[in-house]
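K.L.:
I need the structure of the sequence given here:
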Amino acid sequence: AVLSAEDKRFFTHSGFDPFRIIKSAYVDIKSGRNAQGASTLSMQLARSLWLTTERTWRRKIPEIFITLHLERKLTKEE
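P.N.:
Reported below is the predicted structural model:
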């Protein structure tokens, strides 16, 4: 249920979902605010353990690097 609601392509992406990020950026620009999240489950884990909860695009860059590191070290099942 969590995968279905939060990250449908969890087992097919490498930690971040570029399609989701592009869609989210488009929706945010169109609405003029942070209307939609782009974080995968792996990115949410990285943010909750090592980063702040601020919702900015600036935070996404370190979040992606941490996520890529997590994805190299752990399997999706872990």
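K.L.:
CA only for contacts and neighbour counts going forward, please
P.N.:
Noted.
K.L.:
how close does residue 2 sit to residue 15?
P.N.:
To residue 15, residue 2 is 16 Å away according to CA to CA, to the nearest Å.
K.L.:
go ahead and flag the most central residue of the protein.
P.N.:
The chain has residue 39 as the residue nearest its centroid, 2.1 Å off, counting by CA atoms, centre = their mean.
K.L.:
which is the next helix or strand following the helix or strand of the chain with the lowest mean pLDDT?
P.N.:
When each helix and strand of the chain is scored by mean pLDDT, DSSP states H and E, helix 2-6 comes last, with a mean of 79. The helix or strand immediately downstream of helix 2-6 is helix 18-31, counting by DSSP states H and E.
K.L.:
picking that back up, more neighbours, residue 2 and residue 15?
P.N.:
residue 15 (24 against 8; other CA atoms under 10 Å).
K.L.:
residues in contact with that one?
P.N.:
By CA atoms under 8 Å, 6 or more residues apart in numbering, the residues touching residue 15 are 40, 42, 43, 64, 67, 68, 71.
K.L.:
wait, which of those is closest to residue 57?
P.N.:
Using CA to CA, residue 64 is the member of the contacts of residue 15 that sits closest to residue 57, with 11.0 Å.
K.L.:
ok, that closest one - how many residues close by?
P.N.:
Applying other CA under 10 Å, I find that residue 64 has 20 neighbouring residues.
K.L.:
and what of residue 65?
P.N.:
Using other CA under 10 Å, residue 65 has 15 other residues around it.
K.L.:
tell me who's in contact with it.
P.N.:
By CA under 8 Å, 6+ apart, residue 65 has no neighbours at all.
K.L.:
so which helix or strand takes in it?
P.N.:
Short version, using DSSP H and E: residue 65 is in helix 57-73.
K.L.:
got the angle between that helix and helix 18-31?
P.N.:
Using axes from the mean of the first three to the mean of the last three CA atoms, to 10 degrees, the inter-axis angle of helix 57-73 relative to helix 18-31 is 170 degrees.
K.L.:
mind checking the SS state of residue 43?
P.N.:
helix (DSSP: H, G, I helix; E, B strand; the rest coil).
K.L.:
alright, I will stop here.
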